[in-house]
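Participant: show me how the following folds:
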Amino acid sequence: MPEEVPLTGAVFAAAGENGLRVFSVDGVRWTHQQLDREGMLLNHACIDGGRCLVVGKFGGDSVAWSTTDGISWTQNKLNTQAYAGKFGPVFSADGQFQVIANDDGAIPGVRTSPDGTVWAPRKPLMAERKGLKHDAGLRRFARGNNRLVIIGDYGARLVRQPDRALFEAVLGVPAKETLVDIAFGNGVFVGGGMHGLRMRSEDGFTWTDIVNGEEGEHINAMIWDGRQFVGIGQGATYRSVDGKAWTREPNENAPTNAVFGAGIFVGILWPGKQLISKDGIHWSQVHEFPQHVLALAYGSLHKS
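Facilitator: Numbering: from 1, shown residues only. Below is the predicted model of the structure:
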């Protein structure tokens, strides 16, 4: 596929250091690469509604880039009262891109946009910060059962229930139960964390079937692949249909972040290695960028 041809349909997107933005149809061959200034870090990505959005920072500015074809990009600044670069997960909900602002000591905020180019003013994510440590950053999200769940540091968990405008914090979660990633599938949310930690919830508030794995097998990615949950850890991959009964298998060359699409897992490993796997267990390196890759996403693009 020549790089000058606009991208359409399902693609993987990667973003990272020096403004790196690049795409792949199959996870193996990466095209449409673009770079920006040295020091620009793009560390969050999302594809939805035919558009790819990547967010990060450059110096004292928070920046957002968006495209519908992998060629033409629109750049915006997304500065808030918080220091640039403290944005958390980027996701799509309610027909809008949502960018979370991790404001230390203050109520977390959110910026929204229907197209990644026109942004509404920052608004509070929750009514009060009760239940969150002052420096707890929000990291990952999942959507299901008509609600949104966001997880973060020190056991942080926020839930937005149906027909509610604001999120609520889950109270009393011990730091040792901090989740690194979360996924939704088969009617439940399932999270994974340090040392093989796994648990499940139907509503985001009450978590059950809490189990720990082996020392050091930190689950960096929890993915629902359409059939089962796949928790990709350092040294082992955990798999379960329902988040209750798990199988553990040693893995090889596991990535530190991964997504699933088109029947394959695509992962990243420092410093810029691109990996693929058919089962989340056996990983092969297919490419290495000079720049470190910080974010991955999967979805469909279309021309404006």
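
Participant: surely residue 64 meets residue 73?
Facilitator: No: counting by Cβ atoms under 8 Å, residue 73 is not a contact partner of residue 64; they are 10.1 Å apart. Any C-beta I mention is one placed from the backbone N, CA and C, and that applies to glycine too.

Participant: these two: which is more packed in?
Facilitator: residue 64 (24 against 17; other Cβ atoms under 10 Å).

Participant: what's the distance between the more buried one and residue 12?
Facilitator: 20 Å (Cβ to Cβ, to the nearest Å).

Participant: what of residue 295?
Facilitator: In terms of Cβ to Cβ, residue 295 sits 11 Å off from residue 12.

Participant: same question for residue 186.
Facilitator: To residue 12, residue 186 is 24 Å away according to Cβ to Cβ.

Participant: looking at the two now, which is surrounded by more residues?
Facilitator: residue 12 (26 against 16).

Participant: domain parsing of the protein, as residue ranges.
Facilitator: Using automatic domain parsing, the domain ranges for the chain come out as 1-94+259-304, 137-251.

Participant: to residue 100, which of the ones you listed lies closest?
Facilitator: domain 1-94+259-304 (3.8 Å; Cβ to Cβ).

Participant: for the stretch 51-200 of the chain, what spans make up the helices?
Facilitator: For the stretch 51-200 of the chain, no helices are identified by DSSP state H, counting those that start in this stretch.

Participant: I'd guess residue 298 is in a strand, am I close?
Facilitator: Yes: Residue 298 sits within a strand when classified using DSSP: H, G, I helix; E, B strand; the rest coil.

Participant: ok, it - how many residues close by?
Facilitator: 19.

Participant: quick check: it touching residue 23?
Facilitator: No: here residue 298 does not reach residue 23: they are 10.5 Å apart, not a contact under Cβ under 8 Å.

Participant: do a quick rundown of the strands in the stretch 201-304 of the chain.
Facilitator: Secondary structure of the stretch 201-304 of the chain (DSSP state E, counting those that start in this stretch): strands at 208-211, 219-224, 229-233, 236-240, 247-250, 257-261, 264-269, 273-277, 284-288, 293-301.

Participant: sweet, I'm off.
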